[in-house]
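J.: Could you work out the structure for the sequence below:
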Amino acid sequence: MLSPKRKRLKPGEKVSLSLPLAQVDLIVEHTLLDEGLVATIHAARVLDNTVRVRCTLGELETLAGCVAAGTKNTKDRAIQREFGAIFEAIAKVEQAYFYDLSRSGTSRRMKLVRIENA
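T.: Take a look at the predicted model:
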């Protein structure tokens, strides 16, 4: 099966990660998050016990690292399984996007110029 086409993002553009409220509570209680991630999570919208977090791919990568560290630091199998599900949800969002690092969003061609000795 072919993978779906990845969507292009400009640097700093945000994506949405939707998680159940219980999983977000688990992240906040059992991981070490920096102030920026805590603020991002607290600014998220909650609707019907689903939290919709808007963050950059960089923040998402940092969150994935925190979740992975939380998984390693707990001996509770139930928490490890929940962290595994969270990690998979983050990876799914990460794989759906990529950053466009070119200036104009399109590839640029270089022009070769011949320089003659004077």
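J.: where in this structure is pLDDT low?
T.: Along the chain, the parts satisfying pLDDT under 70 run over 1-4, 102-118.
J.: Which helix runs longest in it?
T.: Identified as the longest helix of the chain according to DSSP state H is helix 77-95.
J.: Run through the strands of the protein in chain order.
T.: 7-9, 15-20, 45-47, 50-55, 97-99 (DSSP state E).
J.: List the buried residues of the second one.
T.: In this case it means strand 15-20. 15, 17, 19, 20 (16 or more other CB atoms under 10 Å). In this view, the C-beta of every residue, glycine as well, is placed from N, C-alpha and C.
J.: got it, and the first one?
T.: For strand 7-9, the buried set under the neighbour-count rule, 16+ other CB under 10 Å, comprises residue 9.
J.: For that strand, which strands pair with it and how are they oriented?
T.: strand 97-99 (parallel) (DSSP bridges).
J.: contacting residues around the residue lying closest to residue 17 once chain neighbours are set aside?
T.: Using CB to CB, 6 or more residues apart in numbering and skipping residues adjacent in sequence, the residue nearest residue 17 is residue 53, 4.7 Å away. The neighbourhood of residue 53, defined by CB atoms under 8 Å, 6 or more residues apart in numbering, consists of 16, 17, 18, 19, 24, 40, 41, 44.
J.: and with 6 Å instead?
T.: 17, 41, 44 (CB atoms under 6 Å, 6 or more residues apart in numbering).
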